[in-house]
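Trainee: Quick one, structure for this:
(2 chains)
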Amino acid sequence: DAKTTQPNSMESNEEEPVHLPCNHSTISGTDYIHWYRQLPSQGPEYVIHGLTSNVNNRMASLAIAEDRKSSTLILHRATLRDAAVYYCILWNYGGSQGNLIFGKGTKLSVKP
Amino acid sequence: DAGVIQSPRHEVTEMGQEVTLRCKPISGHNSLFWYRQTMMRGLELLIYFNNNVPIDDSGMPEDRFSAKMPNASFSTLKIQPSEPRDSAVYFCASSFGPGRAYGYTFGSGTRLTVV
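Mentor: Predicted coordinates:
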């Protein structure tokens, strides 16, 4: 499986934008980029996903580099509730069933 | 929808006892996944079902672990006999199809402590 590299931890101030990077230099053409987050004492939560184009939803934006070797999850205004571990996952949809395989993620701390 | 429901939320048991974890997926979802999370190993996929049929159980640690899905609205993960190294948070997740469009929805987990 293609791997991702994320910083272990990041800090942000409340109400400021946060850019969470993810490197995936060995990404294949059929790998989708998925982001999940896990709030303390909760199960992971889907955030966003994309293939080639930038994507926006109510939670975040996903910016994908033109060569697809990296991507950035953007939280436009961090809140205290956004403090969580963020996972960047490459998910190959090939075959009959793809699986969601989690790495270590980035622990985001948000300061008031 | 109440989301994915797992029970119990916490379980403390003695080594050697049988433990059964339960999961009710979201109605209409046809794929179900069991994950385990520890500090050392992070989130690991144990097994997944598609339309109640086990598709891949290669992540199940050993024969002491077994999972069943007797119908579309219920699944169990059983550990017999339990050991202290099984202590972890066990998550159940469900999705519509492979989860490509909207991802997986996870439950709140069962924290298992084996003493």
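
Trainee: So which helix or strand of chain B has the lowest pLDDT on average?
Mentor: strand B:53-56 (a mean of 90; mean pLDDT, DSSP states H and E).

Trainee: Low-confidence regions, chain A specifically.
Mentor: Along chain A, segments meeting pLDDT under 70 span A:1-2, A:93-98.

Trainee: 80 - rerun?
Mentor: Residues of chain A that meet the criterion pLDDT under 80 lie in A:1-2, A:92-99.

Trainee: Repeat that for chain B.
Mentor: Checking chain B against pLDDT under 80 turns up B:1, B:97-102.

Trainee: Just say helix, strand or coil for the residue nearest to A:E45 when sequence neighbours are not counted.
Mentor: Among residues not flanking A:E45 along the chain, A:R37 sits closest, at 5.5 Å (CB to CB, 6 or more residues apart in numbering or on different chains). Every C-beta, even on glycine, is put in place using the N, C-alpha and C of the backbone. Secondary structure assignment for A:R37 (DSSP: H, G, I helix; E, B strand; the rest coil): strand.

Trainee: Just the strands from the chain, written as ranges.
Mentor: Answering for chain A, as no chain was given. A:9-13, A:18-23, A:31-38, A:45-50, A:55-56, A:61-64, A:70-75, A:84-92, A:106-111 (DSSP state E).

Trainee: let's do chain B instead
Mentor: Counting by DSSP E, the strands of chain B are B:5-7, B:10-13, B:19-24, B:31-38, B:42-50, B:53-56, B:65-71, B:74-79, B:88-95, B:105-106, B:110-114.

Trainee: so which of the ones you listed gets nearest chain A?
Mentor: Evaluated over the strands of chain B, closeness to chain A peaks at strand B:105-106, with 3.0 Å, by CB to the nearest CB.

Trainee: Check the offset of stretch A:7-17 from the chain's centre.
Mentor: Mean-position distance between stretch A:7-17 and its chain equals 14 Å (CA atoms, centre = their mean, to the nearest Å).

Trainee: mind listing what's buried in that stretch?
Mentor: A:M10, A:S12 (16 or more other CB atoms under 10 Å in any protein chain shown).

Trainee: coming back round to it: to what extent is the residue nearest to A:E45 buried, counted in neighbours?
Mentor: 24 (other CB atoms under 10 Å in any protein chain shown).

Trainee: ok, now A:I89?
Mentor: With other CB under 10 Å as criterion, A:I89 counts 24.

Trainee: and if you look at B:R22?
Mentor: B:R22 has 16 neighbouring residues, counting by other CB under 10 Å.

Trainee: Can you verify my assumption that B:S27 contacts B:F74?
Mentor: No - in this structure B:S27 lies outside contact range of B:F74 using CB atoms under 8 Å: 11.6 Å.
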